[in-house]
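1. Kindly return the folded structure for what I paste below:
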Amino acid sequence: MLSYKTGVYIPTYSLLVGLHCVKLIGWGVDNNIPFWTIQNSWNTTWGEDGYGRIRRGFNDVQFEDQVAAGLPDLF
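-> Take a look at the predicted model:
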C-alpha cells in the first residue's frame, strides 16, 4: 500500500510486510467493486488526500480479520 495513489486497492500478491493501523470510515461500490473507505495517518500526500479505498469482502491483506472497534462508556 505504500505506492497506493487512487482507486480501489486490490493487492497483486499476498505477502504481508508489516502491520499498520488505519481508520475505517465508510464503504461503497466503484465500478462494481465493493470497497472500504479508510483514513491513513501518513499525511495528505498518500492516496486520495490521505484517504484510500480497499476492496471489501475478500479480506485483502487480512484487513477484515483485523478490524477492532471502540464503544463509548455508557455507564
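2. Is residue 61 in a helix, a strand, or coil?
-> helix (DSSP: H, G, I helix; E, B strand; the rest coil).
3. Name the nearest residue to it, ignoring sequence neighbours.
-> Leaving out its chain neighbours, the residue that sits closest to residue 61 by CB to CB, 6 or more residues apart in numbering is residue 11, at 5.9 Å. Where you see a C-beta, it was placed from the backbone N, CA and C, and this is true even at glycine.
4. so the one you found is in which element?
-> Take DSSP states H and E as the rule and residue 11 turns out to sit in neither a helix nor a strand.
5. Stretch 50-63: end-to-end distance?
-> 18 Å (CA to CA, to the nearest Å).
6. what number of residues lie near residue 60?
-> Neighbour count for residue 60, taken as other CB atoms under 10 Å: 17.
7. is it true that it touches residue 66?
-> No. Counting by CB atoms under 8 Å, residue 60 stays clear of residue 66, with 11.2 Å between them.
8. Report the separation between the residue nearest to residue 61 and residue 28.
-> Separation of residue 11 from residue 28 (CB to CB, to the nearest Å): 19 Å.
9. What of residue 10?
-> From residue 10 to residue 28 the distance is 15 Å (CB to CB).
10. Pull the contacting residues for residue 57.
-> The neighbourhood of residue 57, defined by CB atoms under 8 Å, 6 or more residues apart in numbering, consists of 34, 64.
11. Just to be sure, it is in a helix?
-> No. Looking at residue 57 with three-state DSSP, it is coil, so not inside a helix.
12. Tell me how far it lies from residue 45.
-> Note on residue 57: its distance to residue 45, by CB to CB, is 29 Å.
13. Then residue 51?
-> To residue 45, residue 51 is 12 Å away according to CB to CB.
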